[in-house]
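Enquirer: coords below, sequence missing:
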DNA sequence: CTGAAAGCGCTTACAG
DNA sequence: CTGAAAGCGCTTACAG
């Protein structure tokens, strides 16, 4: 039972492959195919249960109609959500999405870029890892459509969809200050990614503004040593001499680890120490306290990233657009 | 800058396309290509930065080297985890994975099967929805490789990787009985999927064994009306006359909703009411009590499903294999 | 041991 | 308005 192709339809009707192809692609007007011929072709096609061979079509026109998405870890809720909205939007444009994970390793990122390039994806949606810049640069140099999400490299001329991390941090800190905090700690990753630097800068500027800035209260955690580092960070912050009364967690993963340690050390939250964090966490639902958090517009981020990418794929001379979305401060839950 | 193809290499070396293709696919022995020729071809290929056109290759041999994965919702941690391990394993076999969501809607499932069929995936990995049986049956009839995961249809002759839901339930109930419970409620979905029926059957049999069975303590919740139904279910169970002392939650989503309602109603856990649930939950980390749970071997499920599928793709006369994995009862966290 | 040729299914100029 | 033909890049018999 061989699959029915354009040729079968053409043969049956005594018309050419070209005519069938034109009609089935809705290009009968450009090809100026007669209405009767067109109708007959459509009828026979559906009678024969014709289904186009997309592998052949993709090969012929040099497009796979596939988008490659690279994230750190699909089982992280932030990325899982992002992936969900990206897929939903991509589907609307007729694209499928191949998701791959880097686990925050630049080596893995290099590999994944290679894998997706070999798959001939039409474009890349990337949440880059630290030191992942050269692999993105390589794609850009090859003129392949790329949109960075969540994180970006300022030196690279590439489209991106990010949030205003600086102002988000300022908002977070202001929230603590408004609640009466003066000695506010920051728990953040130790790395060189722009969004991390921006969050740090926002924290510092906001505190300086109030004259509360104290560099000893910044605790930087290694992603790969999280388990240990977070303990050190929280212990350090809670040291008596700091008179700590507030903590800003710069990511949801840091918050999740940090709050456990705080509980372990029986910190009095929120009476003694007030918190604010990036991103909503499952943890909120299980705690009796309400923790304000920075809400990132994940659905919009996904949606706009796909739109930017599809636009790039369509245009040969793509315009580089950097979209910076605003966040909002929400009271949990 | 046109991409370098086999033809370019062949032209440069004065050999035929066939020879180049043979060598680059490591089939020089079958083609009995001379060692020197082969070496020269490999050298030139790498000098010219040759990268095979997989679209062309896929089209030619009729394989996309892509697997379609259909789950209910990628932002559900259970599926996100499953997807993670599936991807990892698929990559080892040279396959990419396209993930799609059904949101537990059979209409959406029908659509996703169609989308993936149009994409010419080499095989399907499906967590089917209720009433999704005909769409799976259709794939099987067309002789397309399919492996069901987590859920299956007994009437269908199709490969699957599931867990022993019946015995898992028995184990869960036994745990409560051993902790002294006699009036044990069940919170479960109201649907006809086999894994749900099996979990229910396990619960009933285990209780009958002890003479504790009471049908009034079974509460069935509609997936789409979860918010409301869970309130009714928990309120019903906690009614005085039931003298409830234990609850078995048949899925992690039910547990997550149910525990919130229990807290709201200030149920005394675990002194008054003891719990057991399917799957680990983030919630465990935030509660001061330890809740035993049924651990499903998600990494193995993903891995074996991919192996089964790849085997099917390789063989024209696929063998139907149903793998039933055992679960274990763990104490959280 | 290697080359010449056919063909996968489709689309796209081109010719009439 | 429609057909004949070329060709995308690859693999696979087949012939020598």
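Expert: Cool, got the structure. The structure presented is a predicted model; accordingly, all values stated were derived computationally and were not measured. Residues are numbered from 1 along each chain as shown, chains lettered A, B, ... in the order given.

Enquirer: need the residues of the stretch 51-200 of chain A near DNA strand D, please.
Expert: Selection of the stretch 51-200 of chain A residues close to DNA strand D by Cβ under 7 Å from any atom of the strand yields A:59, A:60. For the C-beta atoms, the positions are set from N, CA and C on the backbone; glycine is no exception.

Enquirer: could you pull out the strands for the stretch 51-200 of chain A?
Expert: A:66-71, A:96-101, A:123-126, A:146-149, A:159-163, A:184-189 (DSSP state E, counting those that start in this stretch).

Enquirer: in chain A, what residue is nearest chain B?
Expert: In chain A, the residue that lies nearest chain B is residue A:286 (3.1 Å; Cβ to the nearest Cβ).

Enquirer: which residue packs closest to that residue, ignoring adjacent ones?
Expert: residue B:286 (3.1 Å; Cβ to Cβ, 6 or more residues apart in numbering or on different chains).

Enquirer: one step back: the residue of chain A closest to chain B and residue B:283 touch, don't they?
Expert: Yes: with contacts counted by Cβ atoms under 8 Å, residue A:286 reaches residue B:283, the gap being 5.4 Å.

Enquirer: ok so, going back, double-check the residue nearest to residue A:286 against residue A:281; I have them as touching.
Expert: No: with contacts counted by Cβ under 8 Å, residue B:286 stays clear of residue A:281, the gap being 9.5 Å.

Enquirer: which of those two has more neighbours?
Expert: Using other Cβ atoms under 10 Å in any protein chain shown as the criterion, residue B:286 and residue A:281 rank with residue A:281 on top: 23 against 20.

Enquirer: Would you agree the more buried one is in contact with residue A:255?
Expert: Yes: look at residue A:281 against residue A:255 with Cβ under 8 Å: they come within range, at 5.8 Å.

Enquirer: and the residue nearest to residue A:152 when sequence neighbours are not counted, how many residues sit next to it?
Expert: Nearest residue to residue A:152, sequence neighbours excluded (Cβ to Cβ, 6+ apart): residue A:160, at 4.1 Å. Residue A:160: 25 surrounding residues under other Cβ under 10 Å.

Enquirer: just the one 5 residues further on next, same as before
Expert: Applying other Cβ under 10 Å, we find 25 other residues in the vicinity of residue A:165.

Enquirer: quick check: angle from the helix or strand hosting residue A:206 to strand A:159-163?
Expert: Assessed by DSSP states H and E, residue A:206 sits inside helix A:194-210. Using axes from the mean of the first three to the mean of the last three Cα atoms, to 10 degrees, the inter-axis angle of helix A:194-210 relative to strand A:159-163 is 40 degrees.

Enquirer: Give me the contacts around helix A:194-210.
Expert: Residues from elsewhere that reach helix A:194-210 (Cβ atoms under 8 Å, 6 or more residues apart in numbering or on different chains): A:150-154, A:162-163, A:165-170, A:172-174, A:177, A:184, A:186, A:188-189, A:213-214, A:218, A:248, A:250, A:278.

Enquirer: how far off strand A:184-189 does that helix point, in degrees?
Expert: With the same axes, to 10 degrees applied, the angle from helix A:194-210 to strand A:184-189 works out at 170 degrees.

Enquirer: Give me the average confidence score over helix A:194-210.
Expert: Helix A:194-210 carries an average pLDDT of 97.

Enquirer: who touches the following helix or strand past that helix?
Expert: Following helix A:194-210 in sequence order, the next helix or strand is strand A:218-221 (DSSP H and E). Strand A:218-221 is touched from outside by A:185-190, A:200, A:203-204, A:229-230, A:232-234, A:236-237, A:254, with contacts defined as Cβ under 8 Å, 6+ apart.

Enquirer: one more time with 7 Å
Expert: Contact with strand A:218-221 is made by A:185, A:186, A:187, A:188, A:189, A:190, A:229, A:230, A:233, A:236, A:237, A:254, as judged by Cβ atoms under 7 Å, 6 or more residues apart in numbering or on different chains.

Enquirer: just checking, next helix/strand downstream of that strand?
Expert: Next along the chain from strand A:218-221, counting by DSSP H and E, comes helix A:226-238.

Enquirer: For the residue nearest to residue A:286, list the residues it contacts.
Expert: By Cβ under 7 Å, 6+ apart, residue B:286 lies in contact with A:283, A:286, A:287.

Enquirer: out of the contacts of strand A:218-221, which is most surrounded?
Expert: residue A:185 (28 neighbours).

Enquirer: That one contacts residue A:238, correct?
Expert: No: applying Cβ atoms under 7 Å as the test, residue A:185 and residue A:238 come out as separate, 8.9 Å apart.

Enquirer: for the stretch 201-333 of chain A, which spans come out with low pLDDT?
Expert: Counting by pLDDT under 70, the ranges of the stretch 201-333 of chain A that qualify are A:288, A:317, A:332-333.

Enquirer: Please identify which residue in it comes closest to DNA strand C.
Expert: Residue nearest to DNA strand C within the stretch 201-333 of chain A (Cβ to the nearest atom of the strand): residue A:314, separated by 13.4 Å.

Enquirer: and that residue, how many neighbours?
Expert: So residue A:314, with other Cβ under 10 Å, has 11 neighbours.
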